[in-house]
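Student: one predicted model, sequence on top.
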Amino acid sequence: MARLLGIAIHRERKGVMIPLTSAEVTLELGVEDDFRGAPGKRQVTVLTREGWEAACTAAGTEQAWHDRRANLYIEGLDLRQSDGRTLQIGELQLLITQETDPCERMEALYPGLFDALLPGWRGGVCCRVVRAGRISVGDEVELIDDNR
């Protein structure tokens, strides 16, 4: 069973990530108090434990998941090639819009981490909120609406 392992926000560009145990996620603002939550393709970002750990192993480092600067951290789902599908966490529904490309901050965090995030969508996915909801760490996560 897939689960939500973590929630984090940053209140300003390049700001420190703030872990949360629960959050309201809305169509207008994304994850509450996150600076990037305006509607669009990158409203909420999601990272898998499996992808993050594989990237860290490939780079020869151990880093906290929120160093990737994602909003949600999940385990138990393969999000490769999942654009156009929907992630459901409780009542919340997120439309997966694209793969999250790694940024130069990953290389600054640890040499080799940028390249280690490139294969297999290890950097996670970007999403747009399609149904608002309150989420909490430990919630079940499901990948639905495969329209291919």
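Tutor: Thanks, I have the structure now.
Student: what ranges in the chain fall below the confidence cut-off?
Tutor: Counting by pLDDT under 70, the low-confidence segments of the chain come to 146-148.
Student: give me the distance between stretch 47-54 and the centre of its chain.
Tutor: 10 Å (Cα atoms, centre = their mean, to the nearest Å).
Student: what does stretch 25-38 give?
Tutor: 13 Å.
Student: run through the helices of this protein in chain order.
Tutor: 49-59, 104-109, 113-117 (DSSP state H).
Student: which ones are touching residue 114?
Tutor: By Cβ atoms under 8 Å, 6 or more residues apart in numbering, residue 114 lies in contact with 102, 103, 104, 106, 107. Bear in mind the C-beta positions are built from the backbone N, C-alpha and C, glycine included.
Student: any idea how far it lies from residue 126?
Tutor: 17 Å (Cβ to Cβ, to the nearest Å).
Student: circling back: what's the most buried one of the helices of the chain?
Tutor: helix 113-117 (a mean of 21; mean count of other Cβ atoms under 10 Å).
Student: got the CA coordinates for it in PDB?
Tutor: Once non-C-alpha atoms are left out, helix 113-117 reads as follows in PDB (Å, rounded to 0.1, in the frame of the first residue of the first chain):
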ATOM      1  CA  LEU A 113      23.200  14.400  -7.400                       C
ATOM      2  CA  PHE A 114      21.900  16.300 -10.400                       C
ATOM      3  CA  ASP A 115      22.900  13.600 -12.800                       C
ATOM      4  CA  ALA A 116      21.700  10.900 -10.400                       C
ATOM      5  CA  LEU A 117      18.200  12.400 -10.500                       C
END
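Student: now do the contacts for the closest residue in space to residue 61 that isn't next to it in sequence.
Tutor: Leaving aside its chain neighbours, residue 61 sits nearest to residue 110 (4.5 Å; criterion: Cβ to Cβ, 6 or more residues apart in numbering). Going by Cβ under 8 Å, 6+ apart, residue 110 touches 59, 61, 63.
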